[in-house]
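Colleague: Following is a predicted model, sequence given first.
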Amino acid sequence: KAVRSAVTEAAEAALARVEEREASRAPGAPAPKPPKVAEPTKPVEPLPPKPDQSGPDRRTATGAETLATRDDVAQQGRFLTTSTGARLRDTDHSLKAGDRGPTLLQDHHLREKITHFDHERIPERVVHARGAGAHGVFVGYGNAKPICRAGFLARGKETPVFVRFSTVLGSRGSADTVRDTRGFATKFYTDEGTFDLVGNNIPVFFIQDGIKFPDVIHAGKPHPDREIPQAQSAHDTFWDFVSLHTEAQHHTIWNMSDRGIPRSYRTMEGFGVHTFRTVNAQGETALVKFHWKPRLGVHSLTWEEAQLTGGIDPDFHRRDLADAIESGAYPQWELGLQVFEDTDDETFQGIDLLDPTKLVPEELAPVQPVGLLTLTGNPTNFFAETEQVAFHVGNLVPGIDVTNDPLLQTRLFSYVDTQLTRLGGPNFNQIPVNRPHAPVNDMLRDGFHQHAVHAGVAPYRPNSLDGGCPFHASGPRDGAFVDVPVRVAESVKERDVPVSFADHFSQARLFWLSMTPVEKQHIILAYTFELSRCYEQAIRERQLLALAQVDPELCAEVAAGLGLPAPEAPGPLAEPQPSPALSQLGREWPTDGRVLGVVVGDEGDLDGVDALVETIADHGMVALVIGPHGGKLSDGTVVQRTFGGARSVEFDALLVAGCPAPAPDAIPVRDAKADDPGEPLDPRVRLMLEECYRHAKTIGVWGAGAEALAAAGLPVDAPGIVRGSSPTGVLAEVEGLLGSHRAWERFVSPTQ
Ligand code: HDD
């Protein structure tokens, strides 16, 4: 009885409080804010979708217009509601028996909010978990017509696309700049169905048969006992596998080269890797390899930059892509084709086109541009788009077909299968980012997360009840996808591999021989680092034996770094003709979107800095003024980075307008020199200069800037150092040098 009366008293008191509040409210006045709410939650209009995101997904999986448009699926209305649309007056306090609880099971809103949250995560991709996406458009040049009837390649035809870049090994939250292969997957929403080009930034693969994919991935992923290391190949299991399984050696040398640490997604090449078969309007076939050529050229980080960036800005590539798009510096790639005659043996000049560990040098089969990809829009919602996008190498359109490459054949199975778990059922093509833009009438029904409300009673063929619909397209004239009637050789069932797949080293050697000395140096350092992280001596020795079959110099240098004897190759090495196109050096590229740091002090030398910043922007580059403190400098110059907050890795080049002295209360960055009253240069600027110098970045100085270089102990007349009297004069020269990415001559010794 006592308990009951206490409850009744509390309830009455609560009711009285509510009544009191209601009574004190003027007629028509809004409901009072609940107590203890720090942030008023005045309803505002939800953000409209970005104009560039006004997406093409306003239809059901059957192609019909639907009420469930993107705007509807997104948030609407001014008020917070439950998921079933009931307006809520409080989402900050659970429903309790009295203000001190306990909480009531009856609180539907509480349970809905927490239950939904509990299920917010889906399994990350088993590979390529870490990625960034963007919307864009592809425009065909029309010149592919003689070999391919795909409509999206027609002259001037615009096709919306979604691209997702990724690393392979790391988890979803891993750093962008690790040494790894990068995924480059493109979804073309064509009028003839969705075409997915699911490629990488490396033109070859570790394995020749997809049945070994779990092996290579298990070897590359963190060790199963302690789950380390994250997102890298510098560990025993990876090198154990590739040294035993030598067909991986070609892909591995690409990973150890600068290709493994791209400067930006915007400066990566992309490759379809496999050979595909194209068909023209006459039904004639050709074999092709797909290439993406970045307009800004192929550029990479240095190893040290990649390491520093991984700590300072693990989202470096993701941020770079989003910033570039948001600022209107739309990244571009040309789609190119290497075209080969469709012969019975499917080889070109002795290269087996079905072997995905082999490339065809561009000098032998030039890459012919057939269209332009421009990325113009950032995703509105990372999860909805970038995470839920589902690619599949089997998403083909009329005019493009697969070959018997055994790696590709397995991939045709794997991509649907993985989405069933990852996206929770068979209807993932109804998710907005995956919806085709071509009309869909597929007779696929029901299943988890079915969003379409299919009409009709006869989802089967033949039928008479739904008027016989849907009909078969009669052939190419109706836009049908027709499997190329490739002759299948008379054969027996066997688990075997063609003899032509047996050569594992000649193209790894071709790659090595095509590198410039500085690129070779980087490769040597990468192998030495990675193998030095292995514990097992036998693995190092076995990999050295593999390197001996690539090149004796490479093997000897890595062996010396590891303190091991260099083994001899068991037989003579192939002597392939080098392919200069494989090198990243020796060409000039546009400098759009390059980031220039402008170091200024509080005093003096600020003349012309504002004009310089404007000129940099006019030239399509980004200037970030780096000053001793945030806000504005004495002449009003706005500072974007402080000496304490900036690090060299953010910049492609540094312009130095003065020789800023250390602040009296400066915290030394590296050593105690800053306390020395004689120290002429702020140690944080010194560190920036030293790093830029070590990474062979262009440094431009004028006025007292030259003193800063000298104070940092750097030579003022080294390659890539520009000295001048005016900021604009210096900028002109720096811009010229940036075209070749780095002052490559500055990499002189293996220690750099
Ligand atoms: Fe794969 C994802 C590229 C071989 C199985 N792969 C995936 C992605 C890319 C590639 C870019 C990420 C797509 C995205 O952003 O969502 N994969 C390749 C390339 C290969 C390759 C260029 C060789 C030339 N892959 C390969 C094989 C298998 C798979 C041989 C299986 C036998 N790949 C998958 C997968 C993934 C995947 C498990 C994981 C997530 C997904 O598919 O959607 O199915």
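Modeller: Thanks, I have it.
Colleague: Residue in the protein with the shortest distance to the ligand?
Modeller: Per Cβ to the nearest ligand atom, Gly183 is where the chain lies closest to the ligand, at 2.7 Å. (Each C-beta comes from the backbone N, C-alpha and C, glycine too.)
Colleague: Could you tell me how many residues sit around that residue?
Modeller: Neighbours of Gly183 under the rule other Cβ atoms under 10 Å: 22.
Colleague: dump the residue contacts of Glu654.
Modeller: For residue 654 the amino acid is Leu, not Glu. Leu654 makes contact with 596-597, 599, 648, 688-689, 692, 697-700, according to Cβ atoms under 8 Å, 6 or more residues apart in numbering.
Colleague: from these, which single one is nearest Gly260?
Modeller: Among these, Lys697 lies closest to Gly260 (Cβ to Cβ), at 19.8 Å.
Colleague: pLDDT at that closest one, what is it?
Modeller: Here, the pLDDT recorded for Lys697 equals 97.
Colleague: And for Ile312?
Modeller: Model confidence at Ile312, given as pLDDT, is 95.
Colleague: Any part of stretch 251-267 near the ligand?
Modeller: No - applying Cβ under 6 Å from any ligand atom, one finds stretch 251-267 out of contact with the ligand, separated by at least 9.3 Å.
Colleague: And the average pLDDT for that stretch is what?
Modeller: 98.
Colleague: Take the contacts of Leu654 and keep only those in helices.
Modeller: If you go by DSSP state H, those have 688-689, 692 in helices.
Colleague: among these, who's most crowded?
Modeller: Highest count within the ones in helices among the contacts of Leu654 by other Cβ under 10 Å belongs to Met688, 28 neighbours.
Colleague: quick one: which of the contacts of Leu654 is nearest Gln521?
Modeller: For the contacts of Leu654, the nearest to Gln521 is Lys697 (17.1 Å; Cβ to Cβ).
Colleague: So Val273 sits against Thr357, correct?
Modeller: No - between Val273 and Thr357 there is no contact under Cβ atoms under 8 Å: 9.7 Å.
Colleague: continuing past the worst-scoring helix or strand of the chain on mean pLDDT, what's the next helix or strand?
Modeller: Lowest on mean pLDDT, DSSP states H and E among the helices and strands of the chain sits helix 70-73, with a mean of 48. As assigned by DSSP states H and E, the chain's next helix or strand after helix 70-73 is helix 108-118.
Colleague: I'd like the mean pLDDT over the helix or strand following that next one, please.
Modeller: Using DSSP H and E, the helix or strand that follows helix 108-118 towards the C-terminus is strand 131-140. For strand 131-140, the mean per-residue pLDDT is 98.
Colleague: so what strands line up beside strand 131-140?
Modeller: Paired neighbours of strand 131-140 in the sheet (DSSP bridges): strand 158-167 (antiparallel), strand 368-377 (antiparallel).
Colleague: can I get these in a markdown table with mean neighbour count and distance to Val625?
Modeller: Shown next, in a markdown table, are those (neighbours: other Cβ atoms under 10 Å; distance: least, Cβ to Cβ, whole Å):
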| stretch | mean neighbour count | distance to Val625 |
| --- | --- | --- |
| strand 158-167 | 23 | 30 |
| strand 368-377 | 20 | 28 |
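Colleague: what about those, which gets the closest to Cys534?
Modeller: Short answer: strand 158-167, nearest of these by Cβ to Cβ, at 21.0 Å.
Colleague: Run the chain-centre distance for that closest one.
Modeller: Its chain's C-alpha centre and that of strand 158-167 lie 10 Å apart, by Cα atoms, centre = their mean, to the nearest Å.
Colleague: Point out the other helices and strands that the helix or strand that comes right after it packs with.
Modeller: Sequence-wise, the next helix or strand downstream of strand 158-167 (DSSP H and E) is strand 182-190. Here strand 182-190 touches strand 131-140, strand 158-167, strand 193-200, strand 270-271, going by 3 or more Cβ pairs under 8 Å, 6 or more residues apart in numbering; DSSP states H and E.
Colleague: With distance to Ala566 added, can I get these in JSON lines?
Modeller: As requested, the helices and strands packed on strand 182-190 are exported to JSON lines (distance: least, Cβ to Cβ, whole Å):
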{"stretch": "strand 131-140", "distance to Ala566": "39"}
{"stretch": "strand 158-167", "distance to Ala566": "32"}
{"stretch": "strand 193-200", "distance to Ala566": "31"}
{"stretch": "strand 270-271", "distance to Ala566": "32"}
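Colleague: so Gly193 bridges to which residues?
Modeller: Bridge pairing for Gly193 - DSSP bridges - gives Thr190.
Colleague: What distance do you get for it to Asp442?
Modeller: Computed as Cβ to Cβ, to the nearest Å, the Gly193 to Asp442 distance reads 11 Å.
Colleague: Leu582 now?
Modeller: 43 Å.
Colleague: So between those two, which is more surrounded?
Modeller: Leu582 (22 against 14).
Colleague: Test my guess that that one contacts Met515.
Modeller: Yes - taking Cβ under 8 Å as the contact criterion, Leu582 and Met515 are neighbours in contact, 7.4 Å apart.
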